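S.K.: give the three-dimensional model of this entry:
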Amino acid sequence: MSEKLRLTPLQKAMSRHMLDSWEGVPQFSVQWALDCAPLAAFRQTLPLKVSYTTLIVRAAAIVLRRHPLMNASWDGDGILRHDAINIGVAADTKRGLLVPVIRDVPGKSLAQLHEIMEDYKRRSVRGNFTADQLADGTFTVSNLGMIGVEAFTAVVNHPQSAILALGALTEEPVVRKGAVVCGKRMKMTLSVDHRVTDGAGAARFLADLADVLQSPETHM
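M.R.: Okay, the predicted model is just below:
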(Lines give C-alpha, C1' and ligand atoms only; values in the text may rest on other atoms or scores of the structure.)
Protein backbone atom coordinates (compact mmCIF):
# COMPACT_ATOMS: atom_id res chain seq x y z
CA MET A 1 0.00 0.00 0.00
CA SER A 2 1.34 3.44 -0.93
CA GLU A 3 0.65 6.79 0.63
CA LYS A 4 0.91 10.06 -1.26
CA LEU A 5 2.19 12.94 0.81
CA ARG A 6 0.63 16.28 -0.08
CA LEU A 7 3.04 19.18 -0.24
CA THR A 8 2.37 22.47 1.43
CA PRO A 9 2.48 25.61 -0.75
CA LEU A 10 5.89 26.39 0.77
CA GLN A 11 7.21 22.92 -0.05
CA LYS A 12 5.92 23.23 -3.61
CA ALA A 13 7.61 26.60 -4.02
CA MET A 14 10.88 25.24 -2.61
CA SER A 15 10.70 22.20 -4.91
CA ARG A 16 10.25 24.41 -7.96
CA HIS A 17 13.10 26.67 -6.82
CA MET A 18 15.49 23.74 -6.30
CA LEU A 19 14.56 22.24 -9.68
CA ASP A 20 15.18 25.59 -11.38
CA SER A 21 18.53 25.88 -9.60
CA TRP A 22 19.62 22.35 -10.48
CA GLU A 23 18.51 22.40 -14.11
CA GLY A 24 19.23 26.05 -14.88
CA VAL A 25 22.57 26.63 -13.14
CA PRO A 26 25.79 25.03 -14.50
CA GLN A 27 27.30 24.39 -11.09
CA PHE A 28 30.41 22.67 -9.77
CA SER A 29 31.90 22.10 -6.34
CA VAL A 30 35.30 22.27 -4.65
CA GLN A 31 36.14 20.97 -1.18
CA TRP A 32 38.57 21.92 1.58
CA ALA A 33 39.49 19.97 4.72
CA LEU A 34 39.77 22.70 7.35
CA ASP A 35 42.14 22.39 10.30
CA CYS A 36 39.71 23.40 13.06
CA ALA A 37 42.10 23.27 16.02
CA PRO A 38 42.81 27.04 15.99
CA LEU A 39 39.10 27.84 15.59
CA ALA A 40 38.15 25.50 18.43
CA ALA A 41 40.77 27.10 20.70
CA PHE A 42 39.59 30.61 19.75
CA ARG A 43 35.97 29.63 20.47
CA GLN A 44 36.94 28.60 24.00
CA THR A 45 38.22 32.12 24.71
CA LEU A 46 34.93 33.82 23.85
CA PRO A 47 32.57 34.94 26.62
CA LEU A 48 29.58 33.63 24.65
CA LYS A 49 29.03 30.06 23.45
CA VAL A 50 29.17 31.05 19.81
CA SER A 51 28.41 28.25 17.34
CA TYR A 52 30.85 27.18 14.67
CA THR A 53 28.27 28.17 12.07
CA THR A 54 28.23 31.73 13.45
CA LEU A 55 32.02 31.93 13.35
CA ILE A 56 32.11 30.66 9.77
CA VAL A 57 29.37 33.09 8.71
CA ARG A 58 31.48 35.95 10.07
CA ALA A 59 34.62 34.63 8.38
CA ALA A 60 32.77 34.17 5.08
CA ALA A 61 31.64 37.81 5.19
CA ILE A 62 35.26 38.93 5.60
CA VAL A 63 36.40 36.83 2.65
CA LEU A 64 33.45 37.78 0.42
CA ARG A 65 34.82 41.34 0.40
CA ARG A 66 37.93 39.99 -1.32
CA HIS A 67 35.96 37.76 -3.70
CA PRO A 68 32.97 39.79 -4.91
CA LEU A 69 32.01 37.22 -7.57
CA MET A 70 31.03 34.86 -4.74
CA ASN A 71 28.65 37.56 -3.54
CA ALA A 72 27.00 38.02 -6.92
CA SER A 73 24.06 36.84 -9.05
CA TRP A 74 23.66 35.75 -12.65
CA ASP A 75 21.41 38.37 -14.24
CA GLY A 76 20.38 36.73 -17.51
CA ASP A 77 23.12 38.16 -19.70
CA GLY A 78 25.60 39.41 -17.13
CA ILE A 79 26.81 39.34 -13.54
CA LEU A 80 25.27 41.48 -10.81
CA ARG A 81 27.76 42.14 -7.99
CA HIS A 82 26.17 43.08 -4.67
CA ASP A 83 27.51 45.74 -2.33
CA ALA A 84 25.63 44.32 0.66
CA ILE A 85 26.76 41.01 2.15
CA ASN A 86 23.57 39.30 3.35
CA ILE A 87 24.22 35.69 4.32
CA GLY A 88 21.42 33.14 4.46
CA VAL A 89 21.72 30.16 6.82
CA ALA A 90 19.76 27.08 5.75
CA ALA A 91 17.37 25.95 8.49
CA ASP A 92 15.50 22.66 8.90
CA THR A 93 12.00 23.57 10.13
CA LYS A 94 8.62 21.89 10.52
CA ARG A 95 7.55 23.87 7.46
CA GLY A 96 10.44 22.50 5.42
CA LEU A 97 13.77 23.98 4.36
CA LEU A 98 13.96 27.74 4.91
CA VAL A 99 16.90 30.12 4.52
CA PRO A 100 16.67 33.07 6.93
CA VAL A 101 19.04 35.88 6.06
CA ILE A 102 21.41 37.92 8.22
CA ARG A 103 21.77 41.34 6.62
CA ASP A 104 24.99 43.35 6.55
CA VAL A 105 27.07 40.66 8.24
CA PRO A 106 30.36 42.68 8.10
CA GLY A 107 28.67 45.46 10.09
CA LYS A 108 27.79 43.18 13.00
CA SER A 109 29.89 42.04 15.92
CA LEU A 110 30.21 38.41 16.93
CA ALA A 111 27.86 39.09 19.85
CA GLN A 112 25.23 40.53 17.50
CA LEU A 113 25.59 37.62 15.08
CA HIS A 114 25.28 35.20 17.99
CA GLU A 115 22.08 36.90 19.14
CA ILE A 116 20.55 36.74 15.65
CA MET A 117 21.55 33.10 15.20
CA GLU A 118 20.03 32.17 18.56
CA ASP A 119 16.80 33.93 17.57
CA TYR A 120 16.75 32.08 14.23
CA LYS A 121 17.43 28.80 16.04
CA ARG A 122 14.34 29.35 18.20
CA ARG A 123 12.26 30.35 15.18
CA SER A 124 13.39 27.23 13.30
CA VAL A 125 11.40 25.03 15.68
CA ARG A 126 8.16 26.31 14.15
CA GLY A 127 9.50 27.93 11.02
CA ASN A 128 7.88 31.25 11.93
CA PHE A 129 10.20 33.53 10.00
CA THR A 130 8.91 36.75 8.52
CA ALA A 131 9.04 37.38 4.77
CA ASP A 132 11.62 40.09 5.42
CA GLN A 133 13.88 37.62 7.24
CA LEU A 134 13.85 35.30 4.22
CA ALA A 135 14.59 37.94 1.57
CA ASP A 136 17.64 39.53 -0.09
CA GLY A 137 20.28 36.89 0.58
CA THR A 138 23.49 37.18 -1.46
CA PHE A 139 25.34 34.05 -0.21
CA THR A 140 24.23 30.93 1.67
CA VAL A 141 25.74 28.68 4.34
CA SER A 142 24.32 25.20 5.04
CA ASN A 143 25.50 23.05 7.95
CA LEU A 144 24.62 19.35 8.40
CA GLY A 145 27.52 18.69 10.72
CA MET A 146 25.30 18.67 13.80
CA ILE A 147 23.59 15.56 12.39
CA GLY A 148 26.94 13.84 11.85
CA VAL A 149 27.28 14.30 8.09
CA GLU A 150 31.00 14.54 7.29
CA ALA A 151 30.64 16.20 3.87
CA PHE A 152 27.93 17.03 1.34
CA THR A 153 27.34 19.11 -1.75
CA ALA A 154 24.62 21.77 -1.59
CA VAL A 155 22.64 23.07 -4.56
CA VAL A 156 23.33 26.70 -5.47
CA ASN A 157 20.52 28.91 -4.17
CA HIS A 158 19.71 30.64 -7.48
CA PRO A 159 20.10 33.53 -8.30
CA GLN A 160 23.00 33.59 -5.84
CA SER A 161 26.32 32.45 -7.27
CA ALA A 162 27.62 30.29 -4.40
CA ILE A 163 26.68 28.20 -1.37
CA LEU A 164 28.98 26.82 1.35
CA ALA A 165 28.21 23.39 2.82
CA LEU A 166 29.70 22.49 6.21
CA GLY A 167 30.26 18.98 7.51
CA ALA A 168 30.85 17.68 11.02
CA LEU A 169 33.90 18.58 13.07
CA THR A 170 35.72 15.27 13.45
CA GLU A 171 38.78 14.13 15.34
CA GLU A 172 41.32 12.32 13.17
CA PRO A 173 45.06 11.69 13.00
CA VAL A 174 47.09 14.46 11.36
CA VAL A 175 50.81 15.01 10.89
CA ARG A 176 52.34 18.06 12.59
CA LYS A 177 56.10 18.65 12.55
CA GLY A 178 56.70 15.04 11.57
CA ALA A 179 54.56 13.57 14.36
CA VAL A 180 51.10 12.01 14.17
CA VAL A 181 48.71 13.76 16.57
CA CYS A 182 44.97 13.98 17.08
CA GLY A 183 43.57 16.82 15.00
CA LYS A 184 40.21 18.43 14.35
CA ARG A 185 38.92 18.60 10.78
CA MET A 186 35.85 20.00 9.07
CA LYS A 187 35.11 19.54 5.37
CA MET A 188 33.84 22.68 3.62
CA THR A 189 32.30 22.25 0.16
CA LEU A 190 31.68 25.30 -2.00
CA SER A 191 29.20 24.99 -4.90
CA VAL A 192 29.42 27.73 -7.51
CA ASP A 193 27.60 28.96 -10.61
CA HIS A 194 30.14 28.39 -13.40
CA ARG A 195 28.73 31.32 -15.39
CA VAL A 196 29.88 33.67 -12.64
CA THR A 197 33.31 32.26 -11.75
CA ASP A 198 35.61 29.30 -12.36
CA GLY A 199 37.39 26.59 -10.39
CA ALA A 200 40.45 28.72 -9.64
CA GLY A 201 38.26 31.51 -8.25
CA ALA A 202 36.37 29.05 -6.04
CA ALA A 203 39.61 27.49 -4.82
CA ARG A 204 41.09 30.87 -3.93
CA PHE A 205 37.95 31.76 -1.97
CA LEU A 206 38.20 28.55 0.08
CA ALA A 207 41.94 29.07 0.62
CA ASP A 208 41.33 32.58 1.95
CA LEU A 209 38.42 31.37 4.10
CA ALA A 210 40.64 28.65 5.59
CA ASP A 211 43.33 31.26 6.28
CA VAL A 212 40.87 33.42 8.25
CA LEU A 213 39.44 30.45 10.16
CA GLN A 214 42.89 29.12 11.02
CA SER A 215 44.01 32.52 12.39
CA PRO A 216 40.75 33.71 13.98
CA GLU A 217 42.41 35.77 16.70
CA THR A 218 43.98 37.92 13.96
CA HIS A 219 41.07 38.24 11.55
CA MET A 220 37.93 37.98 13.64
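S.K.: so which residue is dead centre in this structure?
M.R.: With the centre of the chain defined as its mean C-alpha position, the nearest residue by CA atoms, centre = their mean is Val141, 1.4 Å away.
S.K.: helix or strand for the closest residue to it other than its chain neighbours, which one?
M.R.: For Val141, the nearest residue in space outside its immediate sequence neighbours is Leu164; the separation is 4.9 Å by CB to CB, 6 or more residues apart in numbering. Quick note: C-beta positions are derived from backbone N, CA and C, even for glycine. In the assignment (DSSP states H and E), Leu164 maps to strand 162-166.
S.K.: what helices or strands is that strand leaning on?
M.R.: For strand 162-166, the packing partners by 3 or more CB pairs under 8 Å, 6 or more residues apart in numbering; DSSP states H and E come out as helix 52-66, strand 139-143, strand 179-193, helix 199-213.
S.K.: was I right to think the residue nearest to Val141 contacts Thr153?
M.R.: No: counting by CB atoms under 8 Å, no contact exists between Leu164 and Thr153, whose distance comes to 10.9 Å.
S.K.: common neighbours of the two, please.
M.R.: Shared contacts of Leu164 and Thr153, defined by CB atoms under 8 Å, 6 or more residues apart in numbering, comprise Thr189.
S.K.: which one's more surrounded, those two?
M.R.: Using other CB atoms under 10 Å, the more surrounded residue of Leu164 and Thr153 is Leu164, with 24 against 14.
S.K.: beta partners of that one?
M.R.: On the basis of DSSP bridges, Leu164 takes part in beta bridges with Val141, Leu190.
S.K.: can you state the direction angle for the helix or strand of the chain with the lowest mean pLDDT and strand 179-193?
M.R.: Averaged element by element with mean pLDDT, DSSP states H and E, the chain has its least confident helix or strand at strand 170-176 (a mean of 86). Interaxial angle, strand 170-176 versus strand 179-193 (axes from the mean of the first three to the mean of the last three CA atoms, to 10 degrees): 120 degrees.
S.K.: strand 170-176 pairs with which strands, and in what direction?
M.R.: Partner strands and pairing direction for strand 170-176 (DSSP bridges) are strand 179-193 (antiparallel).
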